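**Q** Predicted coordinates and the sequence they were generated for:
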Amino acid sequence: MLDSRTQNLRLVKIASVLVLLLIVATFAIFRSFNYFQGPGLEIYAPINGSIIESSIIKISGQAVRITKISLNGRPINVDEKGNWSETLIVFPGLNLITIKVQDQFGRTVSKQLDIVGQ
């Protein structure tokens, strides 16, 4: 009888360790999904193809999972939530604006806005 009780306790200990390892592995995989997705870039304003009548425009958006962000090749600042905004001069005619982000693994995403100045 004592032998079966010892075996049961041993099985409970092994099962507890396995469950704990499974929980740790699941948490690690869940936290790693952001790294698999790569950098994210969203532009809130202006809309691509907008016709702007003023000579100054405010460009804003959000970038996630990044280490670098640039607007027309110039580094810009991002707050702790990934929000960014910059003010640019709009010239008459077509203005090409490129926003590029890079993550810690060197993966890049870029978006281009075509803004028409009046």
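**A** Cool, got the structure. Numbers count the residues shown, from 1 in each chain.
**Q** confidence score at the residue nearest the centre of the chain?
**A** By CA atoms, centre = their mean, the chain has its centre lying nearest to residue 64, at 2.2 Å. Looking at residue 64, its pLDDT reads 94.
**Q** My understanding was that it contacts residue 83; is that so?
**A** No. Counting by CB atoms under 8 Å, residue 83 is not a contact partner of residue 64; they are 10.1 Å apart. Yep, even glycine has a C-beta here, placed from its N, CA and C like the rest.
**Q** coming back round to it: the closest residue to the residue nearest to the centre of the chain other than its chain neighbours: what's it in contact with?
**A** Among residues not flanking residue 64 along the chain, residue 40 sits closest, at 4.2 Å (CB to CB, 6 or more residues apart in numbering). Contacts of residue 40 were listed using CB atoms under 8 Å, 6 or more residues apart in numbering, and they are 62-66, 101, 109.
**Q** Let me see the backbone angles for residue 40.
**A** phi -120, psi 140 (degrees, to the nearest 10).
**Q** residue ranges with poor pLDDT in the protein?
**A** 1-2 (pLDDT under 70).
**Q** can you give me the helices for it?
**A** Ranges of helices in the chain, per DSSP state H, are 2-37.
**Q** picking up where we left off before, quickly note the distance from the residue nearest to the centre of the chain to residue 107.
**A** 13 Å (CB to CB, to the nearest Å).
**Q** do the same with residue 84
**A** 19 Å.
**Q** More neighbours: which of those two?
**A** residue 84 (22 against 14; other CB atoms under 10 Å).
**Q** Identify the residue nearest that one in space, chain neighbours excluded?
**A** Per CB to CB, 6+ apart, closest to residue 84 is residue 78, 4.7 Å.
**Q** No more questions from me, cheers.
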